[in-house]
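Peer 1: compute the structure for the input listed below.
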Amino acid sequence: MMIKMDSRNLLYEGKAKSVFQGESPNEVIIGFRDDMTAGDGARKETMGQKGYINSIICAKIFETLEDAGVKTQLIELCEPCVMKAKKLDMIPIEVIVRNIATGSIIRKFPFEDKAPFNPPLIQMDFKDDQFHDPMLNDAIAIALGIATKEDLDKLRELALEVNEVMTKMFKDIGIILVDFKIEFGKDSEGNIILGDEISPDSCRLWDAETLDILDKELFRQGKDDEVINAYEEVFNRLLSEEDRVKWNL
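Peer 2: Numbers count the residues shown, from 1 in each chain. From the prediction side, this is the model:
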């Protein structure tokens, strides 16, 4: 199914995806691009095949979550890089679920590197590059008017559900889900639904045996030549042979 993305229908262009108005008022078309950024967009490169790989991984994860009862924005992956999705009013909060202490959390707080969080730690950041995505608490989020107390409780509940499903999914293919970032929005009826993207761009993934990095952290470390190979490794483990043939990768 070929979908033509008309620039006249462009609604939003982010760091790695473009969102277009769909044929229905309640649908959008999300285009996954090969752009990769770090440092609030300060560093930007193009990685061939990245959008292709991420779109398929994201669709697979969203389908798995849907099967487990977690509602997502996904309608269908029309073709690689092109996802038809429900139109959402996005909540400007990044919900970060941490299963293991690493990255910025150990730079800002005295947690031991690679120490497990049990239960998982949920962090919420205000999604705004101008302010460098500062960490939120409930009082600040409510004062900003970006969410109610009920919304915030629902975000935490859904984030833990997503974490439970994804942790098992990755464990089954020999990958540790270290942490991940997700975003939510409200549909036309006011329901909070998982949106945006879940892929190696938004997760920390380690090989369960070697602890090799299989995510965007490689790009942050300047190991650009290793990025696509790592993403392909996640793709090959996550998808069945039939699906790999279907998507020709």
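Peer 1: how about low-confidence regions in this structure?
Peer 2: 1-5, 249 (pLDDT under 70).
Peer 1: show me it divided up by domain.
Peer 2: By the assignment in automatic domain parsing, the chain contains the domains 7-88+235-246, 89-224.
Peer 1: mind putting these into a markdown table with mean neighbour count?
Peer 2: Glycine gets a C-beta too; all of them are placed from N, C-alpha and C. Rendered in a markdown table, the data for those read as follows (neighbours: other Cβ atoms under 10 Å):
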| stretch | mean neighbour count |
| --- | --- |
| domain 7-88+235-246 | 17 |
| domain 89-224 | 17 |
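Peer 1: which strands and helices sit next to the longest helix along the chain?
Peer 2: In terms of residue count, the longest helix belonging to the chain (DSSP state H) is helix 149-171. Counting contacts by 3 or more Cβ pairs under 8 Å, 6 or more residues apart in numbering; DSSP states H and E, helix 149-171 packs against helix 50-67, strand 93-100, strand 116-126, helix 138-144, strand 175-186, strand 192-195.
Peer 1: what's in contact with the helix or strand following the second one?
Peer 2: This points to strand 93-100. Where DSSP states H and E defines the elements, the next helix or strand beyond strand 93-100 is helix 104-108. Identification of contacts with helix 104-108 by Cβ atoms under 8 Å, 6 or more residues apart in numbering yields 98, 111, 112, 113, 121, 123.
Peer 1: please name the residues that touch the fifth one.
Peer 2: When you say that, I think you mean residue 121. Contacts of residue 121 (Cβ under 8 Å, 6+ apart): 97, 98, 105.
Peer 1: equivalent analysis for the third one, please.
Peer 2: Under the criterion of Cβ under 8 Å, 6+ apart, the contact partners of residue 112 comprise 101, 106.
Peer 1: then the second one?
Peer 2: Contact partners of residue 111, counting by Cβ under 8 Å, 6+ apart, are 101, 105.
Peer 1: tell me the SS of it?
Peer 2: coil (DSSP: H, G, I helix; E, B strand; the rest coil).
Peer 1: so how far is residue 203 from it?
Peer 2: 19 Å (Cβ to Cβ, to the nearest Å).
Peer 1: if we can go back for a sec, ok, the contacts of helix 104-108 vs residue 132, which is closest?
Peer 2: Of all these, residue 123 has the smallest distance to residue 132: 14.6 Å, by Cβ to Cβ.
Peer 1: nearest residue to the residue positioned nearest the centre of the chain other than its sequence neighbours?
Peer 2: Centroid-nearest residue in the chain: residue 198, 2.7 Å away (criterion: Cα atoms, centre = their mean). Once flanking residues are discounted, residue 198 sits nearest to residue 61: 4.7 Å by Cβ to Cβ, 6 or more residues apart in numbering.
Peer 1: pretty sure the one you found contacts residue 196?
Peer 2: No. The criterion here is Cβ atoms under 8 Å, and residue 61 misses it with residue 196 at 11.7 Å.
Peer 1: ok, residue 213 to residue 52 distance?
Peer 2: Distance from residue 213 to residue 52, by Cβ to Cβ: 21 Å.
Peer 1: and for residue 37?
Peer 2: 18 Å.
Peer 1: may I have stretch 168-175 exported as PDB, CA atoms only?
Peer 2: Presented in PDB, the C-alpha positions along stretch 168-175 are these (Å, rounded to 0.1, in the frame of the first residue of the first chain):
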ATOM      1  CA  LYS A 168       9.600  -9.900  28.700                       C
ATOM      2  CA  MET A 169       9.600  -9.300  24.900                       C
ATOM      3  CA  PHE A 170      13.200  -8.300  24.900                       C
ATOM      4  CA  LYS A 171      14.300 -10.900  27.500                       C
ATOM      5  CA  ASP A 172      12.900 -13.600  25.200                       C
ATOM      6  CA  ILE A 173      15.400 -12.500  22.500                       C
ATOM      7  CA  GLY A 174      18.400 -12.100  24.700                       C
ATOM      8  CA  ILE A 175      18.200  -8.300  25.200                       C
END
